[in-house]
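**Q** next one to model:
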Amino acid sequence: MTDKDIDLDCLKMKAKDLAYTSVGIGILAFQKAQVRRRELAEEIDKEFPHAKAFVVKQVETTISNVAMVLTSLINSGNDAQASK
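**A** Alright, predicted model coming up:
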């Protein structure tokens, strides 16, 4: 083996190690973010126990209002076509 072969093998090994280390650090960072997200969710639930129910109610009301408007528009379009 020549020095170039040894250097190339060493470089390949170091690149492989770097790739494994990078993936490992990425996985650890993702897991830490997930843990922090769960902790924050628990803190929010403790501080604002009714917040989730309030948001769900607001979203349901908004969806209901949009559905009524769309139904009205569809019905008025059908009425206009029927009168032609």
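**Q** which helices and strands does the longest helix seen in the chain pack with?
**A** As assigned by DSSP state H, the longest helix anywhere in the chain is helix 3-47. Other elements packing on helix 3-47 under the criterion 3 or more Cβ pairs under 8 Å, 6 or more residues apart in numbering; DSSP states H and E are helix 51-82. Any C-beta I mention is one placed from the backbone N, CA and C, and that applies to glycine too.
**Q** does anything pack onto the helix it packs on? Which helices or strands?
**A** Helix 51-82 packs on helix 3-47, going by 3+ Cβ pairs under 8 Å, 6+ apart.
**Q** and if we set it to 6 Å?
**A** Here helix 51-82 touches no other helix or strand, going by 3 or more Cβ pairs under 6 Å, 6 or more residues apart in numbering; DSSP states H and E.
**Q** so how far is it off the chain centroid?
**A** How far helix 51-82 lies from its chain's middle: 26 Å, per Cα atoms, centre = their mean, to the nearest Å.
**Q** how near is residue 24 to residue 35?
**A** Distance of residue 24 to residue 35, computed by Cβ to Cβ, to the nearest Å: 17 Å.
**Q** cool, residue 50 as well?
**A** 25 Å.
**Q** and if you look at residue 52?
**A** 20 Å.
**Q** before we move on, what about residue 66?
**A** 37 Å.
**Q** equivalent analysis for residue 67, please.
**A** Distance, residue 67 to residue 35, by Cβ to Cβ: 39 Å.
**Q** which stretches of this protein have low pLDDT?
**A** 1-4, 80-84 (pLDDT under 70).
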